[in-house]
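> Predicted model follows, preceded by the sequence.
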2 protein chains.
Amino acid sequence: MNRLENRSVVLAARPKGVPQPEHFAIVEDDAPAPGAGQMLIRALFWSVDPAMRGWANDAPNYLPPVAIGAPMRAFSVGEVVASLHPDYREGEIVTGMFGWRRYALSDGSDVDRKVTETDLSPSLALGVLGLNGLTAYFGLLDICAPKPGETVVVSTAAGSVGSAVGQIAKIHGARTVGVAGGPEKTALCRERFGFDAALDYRAADFAEAFAAETPEGVDCYFDNTCGPISDLVMTRLSKGARIAICGTAALTDWSPIPSGPRIHRQLLVARARMQGFVVFDYRDRYPEALAALAGWVREGRLAHEEHILDGAAAAPGSIAMLYSGANRGKLLIQVD
Amino acid sequence: MNRLENRSVVLAARPKGVPQPEHFAIVEDDAPAPGAGQMLIRALFWSVDPAMRGWANDAPNYLPPVAIGAPMRAFSVGEVVASLHPDYREGEIVTGMFGWRRYALSDGSDVDRKVTETDLSPSLALGVLGLNGLTAYFGLLDICAPKPGETVVVSTAAGSVGSAVGQIAKIHGARTVGVAGGPEKTALCRERFGFDAALDYRAADFAEAFAAETPEGVDCYFDNTCGPISDLVMTRLSKGARIAICGTAALTDWSPIPSGPRIHRQLLVARARMQGFVVFDYRDRYPEALAALAGWVREGRLAHEEHILDGAAAAPGSIAMLYSGANRGKLLIQVD
């Protein structure tokens, strides 16, 4: 195999809170050659996800922190360019946790799946046909379990998870109220993602507008934010409400644990259920979900947006961009 | 029917937080005579319950507030002394929400049940064979659903609900850690209620002791307190933990909503579920639960304590006594 120039974006310093460009360095070397049972994957797109904040921080989480000097942990989709692995062949497209690396060796253990929707862009495997879509699918249908006619509220509703949550809720007969930041995003929610109502949490009359759009209370809340939006939603729970905790994007630092209104009495009076979930726990059910999601995409019932940054140089600032809300759609890096 | 001297304890002023003696007045008049479809119940015992704080306050709750001048809403057990109701006969014992009244008219709609365990004290119908036992039964078995070998933590563990939770959890094969205030109560937890460990939350080393007694984390938490005890428990959730929110006794004022550590990330990382429940929602399943509870009482597997105050004069101070933790066992008033 010819020499292949590799390029990785490594964690160079430990951030507190949202990683900034100075916490990363771009490192160049030669791509390794696969040994027996290994394959070499050439990345096509790197993913930028909220969970990466937690992975970069040295805080208790559901995965250990990324080591200083190691390539940033990230999801990626790429093409198998050389394989000594019996289950993978050159030319196959795979997605998994290959990190911010142009070339990654894999023994298959970090592969999420082979991407077989060859009629669709491989980048979708990092978004609506990847963890974003799967997160929306399981969090909404398994934790919130909306019934037809119920009111489903979604925060970060214009985002890659939130927009899918809203559309899947509509497909299941619910009424959807999206919460997003700014008139551009709320317009996107209404016009592109079909929310019945979309509210700008930055607007002065947000609380009044929210009450007006949830006259019978909130039956389901898909919570991507924590913080003030969630505090408001908790004041309007209907009896038997279900809250899926997917993420806490509104709070950038969990050490020490931030304070907020205690929610116990609201959960008690409403007999409500609040539950954290992590999509990886649903791995056994990915095929069911991906078949449904791909079907809805092909039928035009599950719209999605991608915001694609150009090359490794864009990676160090991309997590901060995500937390600033400046992206429009699923944030990706096209690997150069 | 002869003239019967009635006596009621009415809500005389609206408290904020825990009702004090000055919020009540004792009113005397004649007992009413039952009309068609009614019966007259002579109270034997009045109950004193944490929920009465909420009923006396003018705050959103799962029942409307008690009106000023009305008899305090309360559970009671009494004997039918006159009946024009086809389903009830003189001499039968009934329990229900008859209020702090010596004599109460009833059309049956406020009756919880006829008390048929005539081999046991009728007062048990307000405690271990009443809402306390039912609350423990459903909150533990339906919301927490402990598996054999799991660690179940209970706050206010020496109380009438907490002590039943611990014993029912043991009957189902769990390891039980009770949290209570002071060495007298923790000794009661260990010696009388059979907790595997009982910790004094007032002790200086409480956090360390709690960690030592939950080496593999907390699988189930039956939360009667909210506040600092719950904040500590939330730092030790095991994966897939279940938290039943039964009460919030540690916080005496919910208007405005008090602040505390945000729990979203702990629920998320542990994939934990937190759920409020209200025992009245399980009414259809009371017979199943009462049969089990009475069986365990008769077998000596479900110990219980009663703290009986003497007469109506004790009622005005009894809710404050309950919140001060000065009672030893289920707090009752023997009606004079």
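Okay, I see it. Model, not experiment: these values are computed from the prediction.

> Nearest residue to the middle of chain A?
Most central in chain A under C-alpha atoms, centre = their mean is A:N132, positioned 4.2 Å from the mean C-alpha point.

> list the contacts for that residue?
By C-beta atoms under 8 Å, 6 or more residues apart in numbering or on different chains, the residues touching A:N132 are A:L126, A:S160, A:V161, A:A164, A:K330. Glycine gets a C-beta too; all of them are placed from N, C-alpha and C.

> change it to 7 Å
A:S160, A:V161, A:A164, A:K330 (C-beta atoms under 7 Å, 6 or more residues apart in numbering or on different chains).

> And the first one, its phi and psi?
When you say that, I think you mean A:S160. The phi/psi pair for A:S160 (degrees, to the nearest 10) reads phi -70, psi -30.

> Could I get the contacting residues of it?
A:G127, A:V128, A:N132, A:H304, A:G329, A:K330.

> For it, give its distance to chain B.
Using C-beta to the nearest C-beta, to the nearest Å, A:S160 is found at 18 Å from chain B.

> if we can go back for a sec, so what's the predicted local confidence for the residue nearest to the centre of chain A?
We have a pLDDT of 92 for A:N132.

> What's the first helix or strand after the strand or helix carrying it?
Assigned by DSSP states H and E, A:N132 falls within helix A:131-138. In the C-terminal direction, the helix or strand that comes right after helix A:131-138 (DSSP H and E) is strand A:151-155.

> centre of the chain versus the helix or strand following that following strand, how much separation?
Per DSSP H and E, strand A:151-155 leads on to helix A:160-171 as the next helix or strand towards the C-terminus. Offset of helix A:160-171 from its chain centre (C-alpha atoms, centre = their mean, to the nearest Å): 13 Å.

> Average pLDDT for helix A:160-171, rounded please.
97.

> Buried ones in it, by neighbour count?
Residues of helix A:160-171 classed as buried under the neighbour-count rule (16 or more other C-beta atoms under 10 Å in any protein chain shown) are A:S160, A:V161, A:G162, A:S163, A:A164, A:V165, A:G166, A:Q167, A:I168, A:A169, A:K170.

> on that earlier part again, sort out for me which of the contacts of A:S160 are in strands.
Under the assignment DSSP state E, the contacts of A:S160 contribute A:K330 to strands.

> and which of the contacts of A:S160 is nearest to A:T225?
A:N132 (15.6 Å; C-beta to C-beta).

> For the stretch 151-300 of chain A, which residues are neighbours of chain B?
A:226, A:245, A:248, A:254, A:257-262, A:264-265, A:267-278, A:281 (C-beta under 7 Å from any C-beta of the partner chain).

> what's the burial count for A:V81?
16 (other C-beta atoms under 10 Å in any protein chain shown).

> What residues does it make contact with?
Taking C-beta under 7 Å, 6+ apart, we find A:V81 in contact with A:L40, A:R42, A:E90.

> For the first one, list each beta-bridge partner.
Meaning A:L40. Counting by DSSP bridges, A:L40 is bridged to A:A82, A:L105.

> How about the contacts made by it?
So A:L40 contacts A:A31, A:P34, A:V81, A:A82, A:Y103, A:L105 (C-beta under 7 Å, 6+ apart).

> at 10 Å instead, please
A:1, A:4, A:6, A:31-34, A:78-85, A:90, A:103-106 (C-beta atoms under 10 Å, 6 or more residues apart in numbering or on different chains).

> Of those, select the buried ones using a ChimeraX command.
Burial among the contacts of A:L40 is assessed by 16+ other C-beta under 10 Å; the matching ChimeraX selection reads:
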select /A:6,31,34,78,79,80,81,82,83,85,103,104,105,106
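
> which among the residues of the stretch 151-300 of chain A next to chain B end up buried?
The buried subset of those - by 16+ other C-beta under 10 Å - is A:226, A:245, A:248, A:254, A:257-258, A:260-262, A:264-265, A:267-278.

> Which neighbouring elements make contact with the strand or helix carrying A:R265?
In this structure, A:R265 sits in helix A:264-269 according to DSSP H and E. Contacts defined by 3 or more C-beta pairs under 10 Å, 6 or more residues apart in numbering or on different chains; DSSP states H and E place helix A:264-269 against strand A:237-245, strand A:273-276, helix B:51-56, strand B:237-245, strand B:273-276.

> residue boundaries of the helices in chain A?
Remark: helices assigned in chain A by DSSP state H are A:51-56, A:131-138, A:160-171, A:183-191, A:206-213, A:227-233, A:264-269, A:286-298, A:318-324.

> Any idea which of those helices gets closest to B:A320?
Distance to B:A320, taken as C-beta to C-beta, is lowest for helix A:264-269 among the helices of chain A, at 19.8 Å.

> Convert the closest one to CSV, retaining C-alpha atoms only.
Extracted in CSV, the C-alpha atoms of helix A:264-269 (Å, rounded to 0.1, in the frame of the first residue of the first chain):
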residue,chain,number,x,y,z
HIS,A,264,-40.0,17.1,42.5
ARG,A,265,-43.3,18.7,43.4
GLN,A,266,-44.2,19.3,39.7
LEU,A,267,-43.5,15.6,38.9
LEU,A,268,-45.5,14.6,42.0
VAL,A,269,-48.6,16.7,41.3
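
> Save the contacts of A:S160 as TSV, and put in distance to A:A207 too.
Below are the contacts of A:S160 laid out as TSV (distance: C-beta to C-beta, whole Å):
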residue	distance to A:A207
A:G127	32
A:V128	31
A:N132	29
A:H304	30
A:G329	28
A:K330	30
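
> quick check, nearest of the contacts of A:S160 to A:A25?
Of these, the one sitting nearest to A:A25 (C-beta to C-beta) turns out to be A:K330, at 25.4 Å.

> Chain B versus that closest one, what's the distance?
21 Å.

> Now do that residue against A:R102, distance only.
20 Å (C-beta to C-beta, to the nearest Å).

> and if you look at A:D49?
From A:D49 to A:R102 the distance is 19 Å (C-beta to C-beta).

> cool, A:L267 as well?
Taken as C-beta to C-beta, the span from A:L267 to A:R102 is 47 Å.

> and if you look at A:R285?
Remark: distance between A:R285 and A:R102 (C-beta to C-beta) = 32 Å.
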